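J.: okay, structure incoming, though there's no sequence with it:
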Ligand SMILES: Nc1ncnc2c1ncn2[C@@H]1O[C@H](COP(=O)(O)OP(=O)(O)OP(=O)(O)O)[C@@H](O)[C@H]1O
Ligand SMILES: Nc1ncnc2c1ncn2[C@@H]1O[C@H](COP(=O)(O)OP(=O)(O)OP(=O)(O)O)[C@@H](O)[C@H]1O
Ligand SMILES: [Mg+2]
Ligand SMILES: [Mg+2]
């Protein structure tokens, strides 16, 4: 039930009543009602609305059709507002059609494709986000997911195209490869922090760049290139190493997504229900007390970073075994960095991270449609996406903007 | 300056910490505010100081209604406060902390005039017989020393109304007397003082009027002439025995043996020099001494928080020095740290979790990797009820508890498993008389159950009340180990370095 | 630099402190050994290395210096090893040696590396002056960025938006400079751009308690999006709004004519001199002035600051805006100072390196400068080796600055304690 | 839709089209984006021209990163594009998949060829090294210091092919004319790279470094980073820059006076032709298009201010002929 409160926890230090518990079912119901009226869900809806408006206006400014009308604005203001309205609505509908359901699709099967695309894109974000969230809970600000994804994907890719193994086994070995790769890349900063106190922010940033150079180097060697080509692009991985498509070949959604959900469950259990997680959270909240209580802070740091790396490695597997199937220097896209926002938006709670990742997935999935159908320049697409995130991260702002009631526990401070 | 509070109500969420409290402090009077832990004293003072804004009620200074947007306004209005939870910036030096907010500066770049600040600190600590190095970093100071800084900080501002929230909680008897003298002087020079303390002797010594609050309400006022028993029962709402009745100890064989133990602190100074002593099963050895004479390091070295540089310590013949903290704890050592908020609790964790902070790894709280929620809850509810921890729920965060109740959480945790040795630093710091009585009972119970108990306390009353034998520490060494009935004066002298026999 | 070796304070470091003392010496030893084997022996007998310290632009022209590669590289490596030995001894004696040791050590190793790199190359010789000059130049945005981060975090606000502030500064500088036809106008505009981003960060993080890192990351994306869009539309349609304007050099009289030091330190554009001043002023203000004391109090223990009447959130807002302005000023480096027109995402992640430099410099302006210089030097070295042509694959050369940083933080700096209240919104 | 105007083409103001053709050619960029001063931009501008000339409808999708190629192509397919031009080898797989899934859509891909041809994909390839060879020869003949230099963004074939051609051009001059001009920054296998296509200041410092080593003609193969090189050259004086992809005298006029020549890779015209022939001409064929000196798919721009002798120009003409008839291999 930490879960149920997870997304609404403002921080683990909020009000004296930080947890619900079975035996308080009655009060829980009261709280539930409170949370619905004041919940972040409502805020999210309004946040997206606000961001859309702002973003929409930007699109309008970026749109010459509309700008044209401003010229003779005073003579025929109607045109202007018509144009503005037109652009706005096309942006709204396109985002919906691009990310959730394609309303002008011939049949449902086609109509839901955008949604499956959202889930597919969310997969690596969930996994990497879980890793980072784990670190944040333990007080480690790990921004190394990018590098961990890259190394994981590199190892996995090699297993995928260079070895040939029987069906199921090949996939398993490839996934393990990704996990190991990521774990090793996570171990380094964990170890350095534990042994020398080296700040993880520095080491992880640097390791991201190093990973990028490593993969570029690998791709400059024939062992990683396609026969007869010198392009920095690996051969396609064997089909035996690919994640099976769970909805058939018409959709990109692959097994990795289920794996991600499972991982979310696992991480929740690890954090909230296991002795490891208990130590992680204790060290994160008060290392002095944790140490006095006999926990080994260094061990926790290493453990956390390795686990985080492994999860990022899994995210790498979603990329290489799930969608890309061929290793390039850009295999990690910007997932490693987006995952930071995802984890923080999800307040480092597994369920929160899943939701945040889905939001990001939807935003990314809507990108191409926005460009092609609504003719929104890619840069403005970026802006709209970031605005949505910003507003969603700012419930107090959205509340003031839309006069929503503030949740009781925000006022409280654990002195 | 005359101070009046009318109908102050302060709520935290749905919990009411102050309920329509009226309080009148006459000009030039010392007004003692009594109440058990969690009664709402600090909250009330924080409201007065403008740190919390009250949900209801008004504040009047010299019959003028005032509204404080923040402590800044309060100070501008002439109110100064010594906070129970020190408001000091750890990495700053004493001087910097004292000057913060009303700095002496030179030049248009407003460069700090640190010498002026140093001077102030020296001059004040002269006057109060505090020994403070203006250039010492606060984070390196023992809690007692930090308390002195907090006091100097408040006094250096020449407040017209001075709020003292448990200023003597961690002072030595001598320091306490000095402080009370100052307070009297201040009163005579017209300052109004609100004094919060759990030490009734001090109240009787200096208070002009006494107000007692319980569960956030004023339950009455009393004359300084009232007996300690009367005051105590007013606070707690039941009769409290001021003296611990403990049977004579029946020491068994040596459990904790310390041989020539030496240790350095983090800054590399040797704080512990070849300390040796034994504690037997079923006896209490109390370490007396002025704060900062190595007691802290002794405890930390025994637990393994700081590395030892020589000697060894054994529990039932098993060496514990050099072991990991976890192993030491698991070998049957219970530890109550000196600084509970820093080392004893995780403020953002639920009470339930704090109660298993060092037990999470053992049955029944976990099986293998898996925590056992049911057991954890059950344990939490048992402890809360046994130790009478005042809280709305075991799921409340430890940070929301009052000082006394936080201490109870730590004790409850450490006493909730079979122990060979119990090591407790300042076990009753900041506790109300009721809780003190309770804690002392529990410690003696533990002794009678055959546990070897090692207590460090700067509280002579506590030392004499609990100890079967008293070890006096001075400058990192054990001056002498004397019987429990040694008189206060002798102890006082020994704490200043004199040996037992020449002292007597 | 001495501050970089004082004793660690928190448990993380306590656990490590016992071993940590060794990380440094061992690291030095290993590097010394590598230097000896690869550069010393590796230089190959008979080869010669030519060092040149003068550039055609210089006032004095100093003849190039040619040395026997193997001998020189070996000698320098031996010196490095000796220093490493000294460090080991000092550790045994529980003594701390001053900042000079790492510095001299680095110089020795670098010397032997360069000797090796230049061994037996007729066409190219080792350009000491050029190397050091570009080290300074490449560190400029890092210094400003790290200063910005320091200002913000000292008051308790994490500033991940440095990248965005640099980029927006670069953008506005180019735009204004081109529009007004005056590079200095751009130099003035840059801080405004940064301050604007800073203000947004402040509003969301301080007023609305949004997670500071989320705001920062989002602001970065926002700035990238906006500048790229305007670059692709506004600036593309009217190229005269994005010309390459240059501040031009302002050689300091006399000083700039000293060999090596002159060209390296005193023959730059205004921005560099502003940088020198900013570092010094900020260092003094932050650690010696009332303003600094209050800022640090707010960042360490806002509640305590509040109880002595310091306006916590006001202080934070001001610092974040000021920090933004400084980063924005640093952004001017990419355009008007470098004499370049604006280009999409031209800051290329420098903001994040600056963030690392801030931590490496332990949240102090002086430290930020040193850390940034370290990185700038490693970066310049990487370019120099590429130019002279070296057997090291270019991708590994590309790693050099990052590896150097990791070594510095793990080996020399070790544990650094951030401002305690960093990242936590102040709610009462 | 507002698409074409959203990222306006230089040809916005072209006269109203002669005729209106009902054909919809579209384009997907790689992660470089349509203003990369390189093949994305060239391809995009070529498309805009042909679209404007024949009043065609069009659409484009810029890829923010490698994961967006496939979604972007499908979005264009969904937008009923008749032809989709994809830019760069990174889009190779995505294009092949899309082509297989949409046999009725024509594709053209720049800088990439498949081992076995695909019916509805036309590769557009460029023997850039032929042109670079000429530039190299000219540089070797012109350098005062006997040192020329080149550097790249990242070591990938589309970049290194320039450096290869340049290098062998210089070497050819050394062999035939007995000079000992040396090339810094590329030895045929590895060399100097900024590590990305964004960091102009890195290019600037790299160039300054080359100049310190005496180089007086420099070939930056790094998109916008080349501008950093130009700035450094301008600052140092007496240093020439060789432009790439397009004629920099046109695309970077402010540096016109220090542009030695440009190694042109005429992707714009190539795109124009492919679209034109498919839409209004002979129709689509998947036969690869090779840009060569012969068909002027690649070439070098005129030496404007550069001090080149008539002998050199003559020599270059011979070499061009030699390359075309195969007697000289770049
Ligand atoms: N910030 C807070 N949030 C929630 N509850 C709080 C907070 N501060 C105090 N409380 C609660 O209010 C009550 C009064 O606390 P307060 O600190 O005033 O007690 P006190 O009289 O000072 O006790 P002590 O003698 O132990 O200091 C306690 O029950 C405490 O748990
Ligand atoms: N309702 C409950 N009943 C019994 N045990 C519980 C209950 N809730 C939590 N626990 C135990 O306490 C452990 C920590 O849960 P809790 O919710 O207190 O931590 P948390 O709220 O996640 O901590 P934080 O708020 O710091 O993240 C759980 O793993 C479980 O073992
Ligand atoms: Mg919780
Ligand atoms: Mg209190």
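T.: Happy to help now that I have it. This structure is a prediction, so every number in the text was calculated from the model and none was measured. Ligands and ions are numbered 1, 2, ... in the order given.

J.: tally of neighbours for residue 217?
T.: Just going to use chain A. Counted with other C-beta atoms under 10 Å in any protein chain shown, the neighbours of residue A:217 add up to 19. Glycine gets a C-beta too; all of them are placed from N, C-alpha and C.

J.: try again with chain D
T.: Residue D:217, neighbours per other C-beta under 10 Å, totals 30.

J.: now the one 4 residues further on
T.: Here the neighbour count serves as a burial measure; for residue D:221 (other C-beta under 10 Å) it reads 29.

J.: can you check residue C:37 too?
T.: 11.

J.: tell me the pLDDT of it.
T.: As predicted, residue C:37 sits at a pLDDT of 88.

J.: identify the residues contacting it.
T.: Applying C-beta atoms under 8 Å, 6 or more residues apart in numbering or on different chains to residue C:37 gives no contacts.

J.: likewise for residue C:295?
T.: Here residue C:295 is in contact with C:151, C:154, C:155, C:286, C:315, C:319 (C-beta under 8 Å, 6+ apart).

J.: how close does it get to residue B:14?
T.: Look at residue C:295 and residue B:14: by C-beta to C-beta, to the nearest Å, they are 37 Å apart.

J.: how about the contacts of residue C:295 in a markdown table, adding secondary structure, distance to residue D:166 and pLDDT?
T.: What follows is those, written out as a markdown table (DSSP: H, G, I helix; E, B strand; the rest coil; distance: C-beta to C-beta, whole Å; pLDDT from 0 to 100):
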| residue | secondary structure | distance to residue D:166 | pLDDT |
| --- | --- | --- | --- |
| C:151 | helix | 47 | 97 |
| C:154 | helix | 51 | 97 |
| C:155 | coil | 53 | 96 |
| C:286 | helix | 51 | 96 |
| C:315 | helix | 57 | 97 |
| C:319 | helix | 51 | 97 |
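
J.: where's whichever residue of the stretch 51-200 of chain D sits closest to chain B relative to ligand 4, distance?
T.: Using C-beta to the nearest C-beta, residue D:67 is the residue of the stretch 51-200 of chain D that sits closest to chain B, at 36.0 Å. Separation of residue D:67 from ligand 4 (C-beta to the ion, to the nearest Å): 57 Å.

J.: spatially nearest residue to that residue, not counting backbone neighbours?
T.: residue A:333 (4.4 Å; C-beta to C-beta, 6 or more residues apart in numbering or on different chains).

J.: next, the one you found: secondary structure please.
T.: coil (DSSP: H, G, I helix; E, B strand; the rest coil).

J.: thought it was touching residue D:71?
T.: No - Residue A:333 is beyond contact range of residue D:71, at 11.7 Å (criterion: C-beta atoms under 8 Å).

J.: between those two, point out the one with more neighbours.
T.: Comparing residue A:333 with residue D:71 by other C-beta under 10 Å, the one with more neighbours is residue D:71, at 27 against 22.

J.: what residues does chain C have near chain B?
T.: C:7, C:9, C:14, C:18, C:94, C:284-285, C:288-291, C:293-294, C:296-297, C:300-301, C:303-311, C:417, C:420, C:428 (C-beta under 8 Å from any C-beta of the partner chain).

J.: run the last query once more with 7 Å
T.: Chain C comes close to chain B at residues C:7, C:9, C:18, C:285, C:288-291, C:293, C:297, C:300-301, C:303-304, C:306-310, as judged by C-beta under 7 Å from any C-beta of the partner chain.

J.: now do the stretch 251-400 of chain A
T.: A:273-276, A:278, A:282, A:285-286, A:288-289, A:291-294, A:296.

J.: what about 10 Å?
T.: Residues of the stretch 251-400 of chain A that fall close to chain B, judged by C-beta under 10 Å from any C-beta of the partner chain: A:269-270, A:272-279, A:281-296, A:299.

J.: return a ChimeraX selection command for the buried portion of those.
T.: Provided next is the ChimeraX selection string for whichever of these are buried by 16 or more other C-beta atoms under 10 Å in any protein chain shown:
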select /A:270,272,273,274,275,276,277,278,279,281,282,283,284,285,286,287,288,289,290,291,292,293,294,295,296
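
J.: filter the residues of the stretch 251-400 of chain A next to chain B by proximity to ligand 2?
T.: A:272, A:273, A:281, A:285 (C-beta under 6 Å from any ligand atom).

J.: list the contacts of the second one.
T.: Read that as residue A:273. A:2, B:366, B:369, B:370, B:371, B:372, B:373 (C-beta atoms under 10 Å, 6 or more residues apart in numbering or on different chains).

J.: let's see that with 8 Å instead.
T.: B:370, B:371, B:373.

J.: the last one too?
T.: By C-beta under 8 Å, 6+ apart, the residues touching residue A:285 are A:12, A:139, B:346, B:347, B:348, B:349.

J.: which among the residues you listed gets closest to residue D:260?
T.: The closest of the contacts of residue A:285 to residue D:260 turns out to be residue A:139 (C-beta to C-beta; 57.0 Å).

J.: no further questions, thank you.
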